[in-house]
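>>> got a structure for you, letters missing:
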């Protein structure tokens with residue numbers, strides 16, 4: 001199961017970009033085809049998301065974590081797959097029956113209205129299909145097969161659009177959209193089970209009971225704690241929609257849902273990192289490699305902040321132009337909630353990878369405390385602000401709660417045993433964002449609300465931010481080349497070419513006697529002759545003034561980062577070799 005973390009991340013994030021593009025295609029169509037029913041659909045899916053936590057969350061996270069661990073036990077993978085498959089079947093049956101009984105007993109009708117009875121019957125079927133869609137995807141991820149799991153997510157979205165949006169267009173309303181969700185889930189579940197069966201026999205895994213020394217208690221505990229953790233996490237971005245629907249109108253709920261959809265575009269990279277880091281760091285934690293965890297956490301935090309700041313600036317400037325183009329004219333009302341949500345979404349984006357690294361260790365108690373505190377704050381703030389300020393109050397409450405998530409999870413990370421902000425160069429990243437925002441804002445003001453701004457500002461903003469980040473020292477040229485090398489196809493070839501040129505430049509410097517010493521700082525400063533003389537003479541006091549403890553810490557992080565990148569390149573090459581061997585064997 002050796003594979004590069006970078007390759008897994010690229011597999012996930014590339015699909016995430018496609019999914020976001022499809023969301024921007026499907027959501028405007030649904031707002032038009034469902035009309036006022038779009039608010040009911042948003043409310044219904046928020047309820048379903050929270051309900052599925054109890055059915056699916058522990059199963060998905062558990063199988064992903066424990067399959068990834070390379071334990072010295074006979075048939076470990078087979079026993080883990082079978083254990084969670086039996087659990088998935090049982091919980092799906094209970095969840096399906098629970099919703100069907102609620103609809104039949106009249107509970108749904110009395111609380112939500114007669115139309116919701118049909119919705120809940122369909123949701124009960126969706127529980128079963130969604131359970132296996134998530135089980136197959138997470139199992140494939142645990143095996144390091146993101147190249148299969150993520151295209152299945154894309155296929156699920158395509159089928160949903162083709163069937164669900166198509167039925168909505170034909171006048172079948174919300175029930176048609178729910179049928180579209182089921183069509184995608186059934187198809188991808190079948191394909192996913194076939195792919196898993198190629199690695200582990202599902203028939204054998206389901207039938208063979210693990211031995212007595214199999215750590216059932218550990219897996220059950222992780223499952224239960226994961227449910228609590230994901231419940232707290234999900235309420236942060238679903239409860240506001242539910243409460244808004246209860247206190248305001250369906251139409252206002254629809255406006256707010258669109259503002260969430262756009263603001264949460266910031267999470268495309270953090271979500272990909274969260275998905276890949278849980279099972280990727282699980283094995284690192286089991287090997288007690290704390291130095292690698294710290295280096296990885298700092299680098300991930302830095303990259304996440306870089307990307308989310310870039311997107312936040314772009315969305316804030318382009319939203320008033322894009323909203324009337326993508327959605328019906330009245331949805332311009334979503335703009336102010338978007339601006340209110342963006343700062344908090346940046347904080348939540350930073351918290352997601354930190355949360356995943358903590359989950360990888362399996363110590364969920366501290367994570368539950370941190371996430372639970374933010375979730376409680378979210379409930380209280382929404383209850384206070386929604387009745388008075390409607391969707392604006394919901395946006396403020398949610399944004400503040402998202403910000404609390406990052407602060408609380410820095411504390412939880414330190415309690416667990418790693419520090420995601422040490423060496424993350426956060427001041428430099430923020431400085432780079434501010435430097436790039438000024439000319440970008442002037443450009444946006446010059447172009448005004450014309451469609452041309454949608455074409456010009458995104459690439460211009462990316463270029464300005466990229467240059468500012470390099471000049472500010474937020475990212476290094478070597479990091480950019482390493483990332484390009486990990487991308488398949490012609491982009492990877494460009495990265496390899498740049499790597500060759502960079503190495504030749506380094507060789508020339510060494511030949512001239514101007515090589516950078518091993519203890520150079522992250523800023524790339526060379527020691528002056530005076531400093532070298534001071535160090536040689538052993539003047540400890542003067543050296544302590546010249547090289548601070550923070551510089552030494554930065555240098556250590558640089559060495560760790562280089563070692564991590566080299567390790568990932570070796571793993572990526574090994575994965576490529578194993579893939580070629582596997583293809584040759586199948587060809588024979």
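Thanks, I have it. Given the structure is predicted, the values throughout are model-derived calculations rather than measurements.

>>> Pull the distance from stretch 401-416 to the chain's centre.
Centroid separation for stretch 401-416 versus its chain: 16 Å, with Cα atoms, centre = their mean, to the nearest Å.

>>> Show me what counts as buried in it.
Buried residues in stretch 401-416, counting neighbours by 16 or more other Cβ atoms under 10 Å, are found at 401, 402, 403, 404, 405, 406, 408, 409, 410, 412, 413, 416. The C-beta positions use only the backbone N, C-alpha and C, and glycine is treated the same way.

>>> for residue 210, helix, strand, or coil?
coil (DSSP: H, G, I helix; E, B strand; the rest coil).

>>> so it touches residue 81, yeah?
No: counting by Cβ atoms under 8 Å, residue 210 stays clear of residue 81, with 10.7 Å between them.

>>> Who has more neighbours out of those two?
Legend: neighbour count by other Cβ atoms under 10 Å for residue 210 and residue 81, higher for residue 81 (27 against 18).

>>> what about the residue nearest the centre of the chain, distance to residue 29?
With the centre of the chain defined as its mean C-alpha position, the nearest residue by Cα atoms, centre = their mean is residue 271, 0.7 Å away. Going from residue 271 to residue 29 by Cβ to Cβ, to the nearest Å gives 23 Å.

>>> name the helices or strands packed onto the helix ranked longest in the chain?
For the chain, the helix with the greatest residue count under DSSP state H is helix 364-416. Other elements packing on helix 364-416 under the criterion 3 or more Cβ pairs under 8 Å, 6 or more residues apart in numbering; DSSP states H and E are helix 216-247, helix 250-263, helix 335-361.

>>> and residue 20, which of those is closest to it?
Nearest to residue 20 among these is helix 250-263; the distance by Cβ to Cβ comes to 9.4 Å.

>>> May I see the buried residues of the closest one?
250, 252-263.

>>> Adding pLDDT, write the residues you listed out as a markdown table.
Converted to a markdown table, the buried residues of helix 250-263 look like this (pLDDT from 0 to 100):
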| residue | pLDDT |
| --- | --- |
| 250 | 81 |
| 252 | 87 |
| 253 | 85 |
| 254 | 84 |
| 255 | 88 |
| 256 | 90 |
| 257 | 86 |
| 258 | 87 |
| 259 | 89 |
| 260 | 88 |
| 261 | 84 |
| 262 | 87 |
| 263 | 87 |
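
>>> which residues touch the nearest residue to residue 189 once chain neighbours are set aside?
Spatial nearest neighbour of residue 189, excluding adjacent residues (Cβ to Cβ, 6 or more residues apart in numbering): residue 132 at 3.9 Å. Counting by Cβ atoms under 8 Å, 6 or more residues apart in numbering, residue 132 touches 88, 92, 185, 189, 192, 193.

>>> Can you check the pLDDT for the residue lying closest to residue 401 once chain neighbours are set aside?
In space, and not counting its chain neighbours, residue 401 is closest to residue 378: 3.6 Å by Cβ to Cβ, 6+ apart. Note on residue 378: pLDDT of 91.

>>> Just list the residues touching residue 337, thanks.
255, 256, 259, 260, 263, 391, 392, 394, 395 are the contacts of residue 337 under Cβ under 8 Å, 6+ apart.

>>> could I get the residues you listed as JSON lines with distance to residue 324?
What follows is the contacts of residue 337, written out as JSON lines (distance: Cβ to Cβ, whole Å):
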{"residue": "255", "distance to residue 324": "13"}
{"residue": "256", "distance to residue 324": "18"}
{"residue": "259", "distance to residue 324": "14"}
{"residue": "260", "distance to residue 324": "18"}
{"residue": "263", "distance to residue 324": "17"}
{"residue": "391", "distance to residue 324": "18"}
{"residue": "392", "distance to residue 324": "20"}
{"residue": "394", "distance to residue 324": "22"}
{"residue": "395", "distance to residue 324": "20"}
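
>>> And the residues you listed, which is closest to residue 437?
Among the contacts of residue 337, residue 263 lies closest to residue 437 (Cβ to Cβ), at 17.5 Å.

>>> The closest one contacts residue 336, doesn't it?
No: if you go by Cβ under 8 Å, residue 263 and residue 336 don't touch, sitting 11.5 Å apart.

>>> returning to that earlier point: out of the buried residues of stretch 401-416, which is nearest to residue 442?
Scanning the buried residues of stretch 401-416 for proximity to residue 442, where the rule is Cβ to Cβ, the winner is residue 403, at 28.2 Å.

>>> which residue sits closest to that closest one in space, ignoring its chain neighbours?
residue 347 (4.0 Å).

>>> Check the gap between the one you found and residue 331 for me.
26 Å.

>>> wait, what's in contact with the residue nearest to residue 401?
Contacts for residue 378 (Cβ under 8 Å, 6+ apart) come out as 235, 236, 239, 240, 397, 398, 401.

>>> Tell me the spacing between residue 196 and residue 425.
Counting by Cβ to Cβ, the gap between residue 196 and residue 425 amounts to 40 Å.

>>> Also residue 351?
As judged by Cβ to Cβ, residue 351 and residue 425 stand 18 Å apart.

>>> Could you do residue 480 as well?
From residue 480 to residue 425 the distance is 15 Å (Cβ to Cβ).

>>> follow-up on the earlier one: which element, helix or strand, includes the residue nearest to the centre of the chain?
Here residue 271 is covered by helix 268-286, with elements defined by DSSP states H and E.

>>> Point out the other helices and strands that that helix packs with.
When contacts are defined as 3+ Cβ pairs under 8 Å, 6+ apart, helix 268-286 sits against helix 5-34, helix 58-68, helix 115-142, helix 290-326, helix 335-361.

>>> Which stretch among the ones you listed approaches residue 154 most closely?
Nearest of the helices and strands packed on helix 268-286 (Cβ to Cβ): helix 5-34, 5.2 Å.

>>> can you tell me the average pLDDT over the closest one?
Rounded mean pLDDT across helix 5-34 is 71.

>>> List the buried residues of the very next helix or strand once past that helix.
Downstream of helix 5-34, the next assigned helix or strand under DSSP H and E is helix 37-52. Under the neighbour-count criterion of 16+ other Cβ under 10 Å, helix 37-52 has 37-50, 52 buried.

>>> Need the contact partners of helix 37-52.
Residues outside helix 37-52 that contact it (Cβ under 8 Å, 6+ apart): 30-31, 34, 95, 99, 115-116, 119, 123, 126-127, 130-131, 173-174, 177, 231, 234-235, 238-239, 241-242, 245, 249-254, 257.
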